[in-house]
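J.: I need the structure of the sequence given here:
(chains A and B)
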Amino acid sequence: GAGVSQTPSNKVTEKGKYVELRCDPISGHTALYWYRQSLGQGPEFLIYFQGTGAADDSGLPNDRFFAVRPEGSVSTLKIQRTERGDSAVYLCASSPYGLAGGENTGELFFGEGSRLTVL
Amino acid sequence: AQSVAQPEDQVNVAEGNPLTVKCTYSVSGNPYLFWYVQYPNRGLQFLLKYITGDNLVKGSYGFEAEFNKSQTSFHLKKPSALVSDSALYFCAVRDRGYQKVTFGIGTKLQVIP
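T.: Residues are numbered from 1 along each chain as shown, chains lettered A, B, ... in the order given. Next comes the predicted model:
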């Protein structure tokens, strides 16, 4: 399809394990965002990519979280030594507009999320 | 720092009546403002945005929002609510010159038949 694709849709893991979540953005979108949404909360910003580089990673909660986008398209969010508090829905979004301060700012196109449960 | 406040956890409205979902924001510069909708077990969908120009912006599904700079508000409105409008609504803000988009905690809209 033409939308943002996230895999897996559901992931159950044990405390201490390593997890990777994948995001395939809309073709041609230069900007890619990761958010985390806990139950009853709004999306919480984690990291923003412009092309291959992480332009803003100020939302990553600690050094157990890391994200890459090596070819400027698909992105992977990596979580080491998972904790129960990491349980949430991880949302990926892409946007065709990525110029800071530009007037042509566009909306974000979200995937349906990856639900992570850490037991 | 930028932030969004959605003061109502839930809004109930009868079908056919006008609806308003409130949002206020805080940014250091000039804002880009957005509304998104989330249906159960679905991803967030864009509804409308304010970038510049007319304070009243129109979006998808008959929704509109009014930007009020003096009150730092961007309330979502619809003249006549439908049962199918029942969902979770998120307001979001982005400070110009930055790429980070900050979301509110959401307001649940319940349209009663």
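J.: what about the chain, any weak spots by pLDDT?
T.: Since you didn't name a chain, this refers to chain A. Low-confidence segments of chain A (pLDDT under 70): A:1, A:97-106.
J.: how about the residues of it near chain B?
T.: For chain A, the residues in contact with chain B (C-beta under 8 Å from any C-beta of the partner chain) are A:4, A:31, A:33, A:35, A:40-45, A:48, A:50, A:55-56, A:58-59, A:91, A:93, A:98, A:100-101, A:103, A:105, A:107-113. Backbone N, C-alpha and C define where each C-beta goes, glycine included.
J.: just the buried members of those residues?
T.: A:4, A:31, A:33, A:35, A:42-45, A:48, A:50, A:55-56, A:59, A:91, A:93, A:98, A:105, A:107-113 (16 or more other C-beta atoms under 10 Å in any protein chain shown).
J.: show me what B:Phe34 is bridged to.
T.: B:Phe34 has these beta-bridge partners by DSSP bridges: B:Lys49, B:Ala92.
J.: mind listing what it touches?
T.: By C-beta atoms under 8 Å, 6 or more residues apart in numbering or on different chains, the contact set of B:Phe34 is A:Glu107, A:Leu108, B:Phe46, B:Leu47, B:Leu48, B:Lys49, B:Tyr50, B:Cys91, B:Ala92, B:Val93, B:Arg94, B:Val101.
J.: out of the buried ones among the residues of chain A next to chain B, list just those in strands.
T.: A:31, A:33, A:35, A:44-45, A:48, A:50, A:55-56, A:91, A:93, A:109-110 (DSSP state E).
J.: who's in contact with residue 75?
T.: Picking chain A for this. A:Arg22, A:Cys23, A:Pro25, A:Leu32, A:Trp34, A:Phe49, A:Ala67, A:Val68, A:Arg69, A:Cys92.
J.: actually chain B
T.: Per C-beta under 8 Å, 6+ apart, neighbours of B:His75: B:Thr20, B:Val21, B:Lys22, B:Cys23, B:Ala65, B:Glu66, B:Asn68.
J.: do you know how far it is from B:Leu109?
T.: 13 Å (C-beta to C-beta, to the nearest Å).
J.: hey, what's in contact with both of those two?
T.: Residues touching both B:His75 and B:Leu109 by C-beta under 8 Å, 6+ apart: B:Val21.
J.: quick one on the thing from earlier: which one among the ones in strands among the buried ones among the residues of chain A next to chain B gets closest to A:Thr13?
T.: Closest approach to A:Thr13 among these (C-beta to C-beta): A:Leu91, at 18.3 Å.
J.: just want the most central residue of chain A.
T.: Residue closest to the average C-alpha location in chain A (C-alpha atoms, centre = their mean): A:Trp34, at 2.6 Å.
J.: what residues does that one make contact with?
T.: By C-beta under 8 Å, 6+ apart, the neighbours of A:Trp34 are A:Cys23, A:Leu46, A:Ile47, A:Tyr48, A:Ala67, A:Ser75, A:Leu77, A:Tyr90, A:Leu91, A:Cys92.
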